[in-house]
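**Student:** no letters, just coordinates:
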C-alpha cells in the first residue's frame, strides 16, 4: 500500500512539473516570438460574378403631320434607346447604362395612297 502511494505521488509530481513546464514555455513563446499583425495575402483578386444584357427601351414618340393636301394621315416616329443592364449572381439589377445607340421607327397612320 505504501508503495502504491509513493508511485501515485511520483506520477502526480511528474504530471504537475510537466504541466508547469508547458505553461512556462507558452508564456515565454508569447513574449519572445514576434507575431505579425497582418499577413500579406497571396490570393488573387476575385472578379465579381456579373451578367450583362442589352435591351432597347422606348423613350417616346412623336406625330409628324403630312403636308400634302390630297392625303389624310400622319407619320408616327417611335424613339428607342439601347441600355446595358448589369445583374449580380442573384439576378438583381446593379447598373443600367445607356450605350449611345438609338433607333427610330417611322410608320404611317391614316389612309393609304390612291
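**Tutor:** Looks like it arrived, so ask away. Everything quoted here is computed from the prediction, not taken from an experiment.

**Student:** ok, which stretches of this protein are helices?
**Tutor:** Using DSSP state H, the helices found in the chain span residues 2-32.

**Student:** centre-most residue in this protein?
**Tutor:** Nearest to the geometric centre of the chain sits residue 48, at 4.8 Å (CA atoms, centre = their mean).

**Student:** wait, that one sits on residue 87?
**Tutor:** No - Residue 48 is beyond contact range of residue 87, at 10.8 Å (criterion: CB atoms under 8 Å). (Each C-beta comes from the backbone N, C-alpha and C, glycine too.)

**Student:** for the closest residue to the residue nearest to the centre of the chain other than its chain neighbours, give its distance to residue 95.
**Tutor:** Spatially, and ignoring its direct neighbours in sequence, residue 48 is nearest to residue 88 (7.3 Å; CB to CB, 6 or more residues apart in numbering). Distance, residue 88 to residue 95, by CB to CB, to the nearest Å: 10 Å.

**Student:** on that earlier part again, which ones are touching the residue nearest to residue 48?
**Tutor:** By CB atoms under 8 Å, 6 or more residues apart in numbering, residue 88 lies in contact with 48, 49, 50, 51, 94.

**Student:** which non-adjacent residue is nearest the last one?
**Tutor:** Sequence neighbours aside, residue 86 is the residue nearest to residue 94 in space, at 4.8 Å (criterion: CB to CB, 6+ apart).

**Student:** run through the residues that contact the one you found.
**Tutor:** 50, 51, 52, 93, 94, 95, 96, 97.

**Student:** please pick the buried ones from those residues.
**Tutor:** Among those, not one counts as buried by 16 or more other CB atoms under 10 Å.
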